[in-house]
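**Student:** Please work out how this folds:
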Amino acid sequence: MIKNIVNIFERDIKTIAKNRAALLTVVGMCVLPCLYTLVNVEAIWDPYSSVKTSDISIAVVNKDKGTEFQGENLNLGNSIVDNLKKNHSIGWKFVNSEDANQGLLNGRYYAVIEIPEDFSSDITSIAGNNPRKAQVLYEANTKRSPMAIKITDSAANSLVDSIKSNFIYSVNKAVFSYLNIIGENAEKNKYNIIALKDSIIFLGDNIDLITTILGNINDSSNNLAMILTQLKPAFSALGNADIVSQNDTDRANLVKSMQTSFNNSLDNIQMDLGNAKGDVHKLQDLVDELNSLTGAANSSNINSTVDKINNRISELENEVNSIMNFLKTVNSFSRSNKISSFLSSLKYVDNLLNSEKNNVNNLKQQLNKMNEADYSVKRSAESTAVDIEDKLTGLSNEYINEVRGPLNNIANDFVDSLNSSADILKTAENIDDQGSKSLEVLIDGSKLLASSSGKLENKINKFKDVILNVSDQLKLISNDDIVKIITVLQSNPELMGNFVANPFNIVEENIYTVPNFGSAFAPTYMTLSIWVGCTMLAAVLKTTVAEFKGAENFTLKEKYFGKMLLFVSLSVVQSLIIVFTTKFILHIYTENFFLMIMVGLVSAFTFSTIVYTLVSIFGNLGKAAAVVLVVAQIAGSGATYPIQLAPLVFRIIQPLFPFTYSVSGFREAIGGPLISTVTIDFSILILMSAAAILMGLFLKKPLYEMTNRLHDKFVESGIGG
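**Tutor:** Numbers count the residues shown, from 1 in each chain. Next up, the predicted model:
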């Protein structure tokens, strides 16, 4: 059997070699299929490059009349035209409206873009009370070329996006130019802003205590003014040295007023301790800032920061010394161990402040002399600031829980002493006019203090909820956040305008990168060329064995396989020519050229087996079936467009098409192979070849007589052979 098959194949090869006409025909059929790939792939090698798209004409009509904006004439239409003249990716043609419309109708222009008269005024209307959206008119001649329309659509969208981006850039550049001024002022007052934030938080945390104190001040001041007014005649009488006794009620009111004033002083100590804690927070921030500064380049910043730290320490020292002086005076009337202990703690805080001042000055000297300060000095400055804060927190709690009680007792004892010493007033004999004037001043001052404290208390109560809400919100904002906001306000207007207009860039990272469109589309045309080559062979060459000596003894199976060897061999030659010309004439990109050769060979074997079997069994009907198959596979194999875009019926039958696996194999060879995909492609192509051979073995004999009769009848008709 094998010998007979080989004899048939050898006889065909010898016939082709000896017959010049047959040889030329076979050579032509082997070469022609590669032209299909060469011509088509070259034509679509890079259709979207600016070299190609620059020949696509789009008419631009600028009717914009411009507008006056912020005292200047503005014509955005002219600006767009100027930018398009620098853009050579499309064949922009700047014409009038009549020429554009005529050119669009006769096909001279693929599309027309028209900028209307009110374009500039509509764009700038955003700055007015009646903002309007600007429009750009776009018309396209959709019958000329569907691909060209896609390109012109893309160009129009790019133009609109460019206009939007430039507009957003210009608006935000202007906004940030104005914000720069605000940012500079904010930078100058950065620490005042932070101090204001801390003060509002302190006000929110202590609002009930503050309103209570203001109420007490209001009541005490009113009482004092009333008492002083009542005492005015008594002072006049004292001037005449005629008084013997003081009115008991007046004296009682005066003593009560002094007691209230003393209590207010005790409340103020608690407030001062709270303020001191807030000042320490600011001190820590300044120390952190100082530690971050290095080098001569920051010398001015170092000196400035150190001055601010020293000022802050001086303020803290004043607050602490003020409390100490008051408590020392009080303690001198009636010594208390708790007050004495509290004074010792305050003295310790005062020493810590002096130590911190020395640390900061040492740090300043090292930073100015060297690029970096000693770590121990930095650490000492930071830890001392923390110690001060911890100590003040403890003192605040100690004052409330331990010291306030003894102070209240001293105040009561002091009042008792005043009452017992009232007789001293009776010895006064000489009060001059200056004393009366001073009394008037005290009366007026007390009334003013009462009025002011009352108004302030009412305002705080009125806006209490607002103050508490603002305080809670400010607690969420760190000092670093404020610095960052100020930094944003000081940002470069051009940089920020560009950032807002284009807030992100797309970074492309491709896998299995194919550098050009031609290489990416080559698998489709190579597969198609191999199938077309097989169809040409079946159309020109006979699938029946010619009569020669001994042929009458051959079986149908031997004849089937003998002729199939010729078709497969010629198809393999066609495939090799297609693969090599595509690679070395078109220079398509290939990741694995050997794999591309193997895919071509397996595809040629499968396609030739299928086409030959169809024609061998069904004759002319088989040739028609081969043509129908190529048409169906172009649409339904996913060779051109993603199969997901095809109708449902094609998506269902796609796995049955040989094209699917041939195109996939070529893509793996060009873009980079995935072993699992290549294995599947090869396996299914070989299985399809086996299925075609089995169909030939089982159907050749049963259909042989019918096929011959149909062929003879067709020849007799005189329209085919």
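**Student:** per-domain residue ranges of this structure.
**Tutor:** Per the record, the chain has its domains at 2-45+518-706, 56-186, 249-258+272-426, by automatic domain parsing.
**Student:** Would you format these as a markdown table with mean pLDDT included?
**Tutor:** Listed next are these as a markdown table, based on pLDDT from 0 to 100:
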| stretch | mean pLDDT |
| --- | --- |
| domain 2-45+518-706 | 92 |
| domain 56-186 | 78 |
| domain 249-258+272-426 | 72 |
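**Student:** Of those domains, flag the one that's most buried.
**Tutor:** domain 2-45+518-706 (a mean of 18; mean count of other CB atoms under 10 Å). C-beta here means a position set from N, CA and C on the backbone, and glycine is covered the same way.
**Student:** Residue 509 is nearest to which of the domains of the chain?
**Tutor:** domain 2-45+518-706 (14.5 Å; CB to CB).
**Student:** Please measure how far the first residue of that closest one sits from its last one.
**Tutor:** Counting by CA to CA, to the nearest Å, you get 27 Å between the two ends of domain 2-45+518-706.
**Student:** Using the three-state scheme, assign residue 589.
**Tutor:** The three-state assignment at residue 589 reads coil, by DSSP: H, G, I helix; E, B strand; the rest coil.
**Student:** For it, give me phi and psi.
**Tutor:** With angles defined as degrees, to the nearest 10, residue 589 shows backbone torsions of phi -70, psi 130.
**Student:** how about residue 73, phi and psi?
**Tutor:** According to degrees, to the nearest 10, residue 73 has phi -80, psi 130.
**Student:** In this structure it contacts residue 64, no?
**Tutor:** No: the pair residue 73 / residue 64 is not scored as a contact, 11.9 Å apart, by CB atoms under 8 Å.
**Student:** In TSV: the domains of the chain, plus distance to residue 509.
**Tutor:** Formatted as TSV, those follow (distance: least, CB to CB, whole Å):
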stretch	distance to residue 509
domain 2-45+518-706	14
domain 56-186	23
domain 249-258+272-426	37
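**Student:** For residue 207, which of these is the nearest?
**Tutor:** That would be domain 249-258+272-426 among the domains of the chain, by CB to CB, at 12.0 Å.
**Student:** Find the nearest non-adjacent residue to residue 604, please.
**Tutor:** Excluding the flanking residues, the one nearest residue 604 by CB to CB, 6 or more residues apart in numbering is residue 575, at 3.7 Å.
**Student:** give me every residue that touches that neighbour.
**Tutor:** Listed by CB atoms under 8 Å, 6 or more residues apart in numbering, the contact partners of residue 575 are 530, 533, 600-601, 603-604.
**Student:** how about 10 Å then?
**Tutor:** Contact analysis of residue 575 by CB atoms under 10 Å, 6 or more residues apart in numbering lists 30, 33-34, 526, 529-530, 533-534, 597, 599-605, 607-608.
**Student:** can you check residue 677 too?
**Tutor:** 661, 664-665, 667-668.
**Student:** What does it show for phi and psi?
**Tutor:** phi -70, psi -40.
**Student:** The one 5 residues further on too?
**Tutor:** According to degrees, to the nearest 10, the main-chain angles of residue 682 amount to phi -60, psi -40.
**Student:** ok, and the closest non-adjacent residue to it?
**Tutor:** The nearest residue in space to residue 682 (CB to CB, 6+ apart) is residue 602, at 5.9 Å.
**Student:** Go ahead and confirm the one you found touches residue 679.
**Tutor:** No: shown here, residue 602 and residue 679 do not form a contact pair, counting by CB atoms under 10 Å, at 12.0 Å.
**Student:** Compute the distance between residue 366 and residue 300, please.
**Tutor:** Taking CB to CB, to the nearest Å as the measure, residue 366 falls 17 Å from residue 300.
**Student:** next one: residue 208
**Tutor:** 44 Å.
**Student:** What of residue 703?
**Tutor:** Distance from residue 703 to residue 300, by CB to CB: 102 Å.
**Student:** Same question for residue 2.
**Tutor:** For residue 2, the distance to residue 300 - CB to CB - is 100 Å.
**Student:** same deal with residue 15?
**Tutor:** Between residue 15 and residue 300 the distance is 101 Å, computed by CB to CB.
**Student:** Throw the contacts of residue 677 into a markdown table and include distance to residue 592, thanks.
**Tutor:** Listed next are these as a markdown table, based on distance: CB to CB, whole Å:
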| residue | distance to residue 592 |
| --- | --- |
| 661 | 17 |
| 664 | 14 |
| 665 | 11 |
| 667 | 11 |
| 668 | 8 |
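**Student:** out of the residues you listed, which one sits closest to residue 695?
**Tutor:** Once CB to CB is applied, the member of these that ends up nearest residue 695 is residue 661, at 18.4 Å.
**Student:** A helix includes that closest one, no?
**Tutor:** Yes: applying three-state DSSP, one finds residue 661 inside a helix.
**Student:** List the residues that contact it.
**Tutor:** So residue 661 contacts 527, 599, 602-603, 606, 637, 655, 677-678, 680-688 (CB under 10 Å, 6+ apart).
**Student:** And residue 688, by the same measure?
**Tutor:** 605-607, 609-610, 656-658, 661.
**Student:** can you tell me the helix or strand for it?
**Tutor:** Per DSSP states H and E: residue 688 is located in helix 675-716.
**Student:** And for residue 59?
**Tutor:** Assigned by DSSP H and E, residue 59 falls in strand 57-62.
**Student:** Extract the C-alpha set from that strand and format it as CSV.
**Tutor:** C-alpha atoms of strand 57-62 as CSV (Å, rounded to 0.1, in the frame of the first residue of the first chain):
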residue,chain,number,x,y,z
SER,A,57,-7.7,66.5,5.3
ILE,A,58,-9.8,68.2,8.0
ALA,A,59,-11.2,71.6,7.2
VAL,A,60,-11.1,74.2,10.1
VAL,A,61,-13.3,77.2,10.0
ASN,A,62,-12.7,79.9,12.6
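**Student:** Each with direction, which strands does the very next helix or strand once past it pair with?
**Tutor:** Next along the chain after strand 57-62, taking DSSP H and E as the criterion, comes strand 67-69. Partners of strand 67-69 in the sheet, by DSSP bridges, are strand 72-74 (antiparallel).
**Student:** now what about the partner strand, what contacts it?
**Tutor:** Residues outside strand 72-74 that contact it (CB under 10 Å, 6+ apart): 64, 66-68, 120-121, 123-124.
**Student:** Out of those, which is nearest to residue 563?
**Tutor:** residue 64 (74.1 Å).
**Student:** So what does the closest one look like in phi/psi?
**Tutor:** Note on residue 64: backbone dihedrals following degrees, to the nearest 10 are phi -60, psi 130.
**Student:** again with residue 115
**Tutor:** phi -100, psi 110.
**Student:** residues in contact with it?
**Tutor:** Contacts of residue 115 (CB under 10 Å, 6+ apart): 60-64, 75-78, 80-81, 134-137, 159, 163.
**Student:** same deal with residue 26?
**Tutor:** With CB under 10 Å, 6+ apart, residue 26 has these contacts: 12-13, 16-17, 19, 537, 540-541, 566, 570, 573.
**Student:** Out of the residues you listed, flag the one nearest to residue 42.
**Tutor:** Closest to residue 42, out of all of those and judged by CB to CB, is residue 573, at 22.5 Å.
**Student:** Ramachandran coordinates for the closest residue to the closest one other than its chain neighbours?
**Tutor:** Counting by CB to CB, 6+ apart, residue 30 is the residue found nearest to residue 573 once chain neighbours are left out, at 4.9 Å. Residue 30 adopts backbone torsions of phi -80, psi -30, taken as degrees, to the nearest 10.
**Student:** what residues are up against residue 30?
**Tutor:** Counting by CB under 10 Å, 6+ apart, residue 30 has contacts 533, 536-537, 570-578.
**Student:** ok, now residue 522?
**Tutor:** Residue 522 touches 37, 40-41, 44-45, 514, 516, 578-579, 582-583, 586, 588-590, 596, 663, 666-667, 669-670, counting by CB under 10 Å, 6+ apart.
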